[in-house]
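A.B. asks: Following is a predicted model, sequence given first.
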Amino acid sequence: MITMASQEATTAITAEMEETIARISSHKGVEGVMIMNREGAIIQSTLDEDRAKTHSAALSELTAKASQIVGLLNPYDELTFLRIRSKQREIMVSPDKGFILVVLQNPHISEE
């Protein structure tokens, strides 16, 4: 049963996510923004469906593995940010307790 308070909280969270996505998307070179849960289920995305599914599956696994490695190296530490840069693209991953924020950008746009 969904109460009015939980419905209002969900609406506030959704509005906050939309605001965050809009703010990040406005930056030069940003090609896509995605918010997913820790298991890789897409909550919101500016990517097309196929691309979002591909990225969410791969990046949720990578984030889990990177978190595990950080914890192995130092049990008192935790992963706070992950950046992957290739020749064409940069992927920034910011994991939180329940969500993972992913930003895809073309790093060459800002260099022009």
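C.D. replies: Alright, I've got the coordinates. Numbers count the residues shown, from 1 in each chain.

A.B. asks: ok, residue 86 to residue 27 distance?
C.D. replies: Noted for residue 86: a distance of 19 Å to residue 27, by Cβ to Cβ, to the nearest Å. (Glycine included, C-beta is placed from N, CA and C.)

A.B. asks: More neighbours: these two, which one.
C.D. replies: residue 27 (12 against 8; other Cβ atoms under 10 Å).

A.B. asks: what's the neighbour count on residue 67?
C.D. replies: Neighbour number of residue 67 under other Cβ under 10 Å is 17.

A.B. asks: mind checking how far the helix or strand containing it is from the chain centre?
C.D. replies: If you go by DSSP states H and E, residue 67 is part of helix 49-73. Mean-position distance between helix 49-73 and its chain equals 10 Å (Cα atoms, centre = their mean, to the nearest Å).

A.B. asks: Downstream of it, the next helix or strand is which one?
C.D. replies: strand 82-85.

A.B. asks: Counting by contacts, list what that following strand packs against.
C.D. replies: Identification of packing neighbours for strand 82-85 by 3 or more Cβ pairs under 8 Å, 6 or more residues apart in numbering; DSSP states H and E yields helix 49-73, strand 90-95.

A.B. asks: mind exporting the last one as PDB, just the C-alpha atoms?
C.D. replies: Only the C-alpha atoms of strand 90-95 are listed here, as PDB (Å, rounded to 0.1, in the frame of the first residue of the first chain):
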ATOM      1  CA  GLU A  90      34.900   9.400 -21.100                       C
ATOM      2  CA  ILE A  91      32.600   7.600 -18.700                       C
ATOM      3  CA  MET A  92      32.200   8.900 -15.100                       C
ATOM      4  CA  VAL A  93      30.500   6.800 -12.500                       C
ATOM      5  CA  SER A  94      29.500   8.000  -9.100                       C
ATOM      6  CA  PRO A  95      28.100   5.300  -6.900                       C
END
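
A.B. asks: what residues does that strand touch?
C.D. replies: Here strand 90-95 makes contact (Cβ atoms under 8 Å, 6 or more residues apart in numbering) with 38, 55, 59, 62-63, 67, 79-85, 100-107.

A.B. asks: again, 6 Å this time
C.D. replies: 59, 63, 79, 81-84, 101-105, 107 (Cβ atoms under 6 Å, 6 or more residues apart in numbering).
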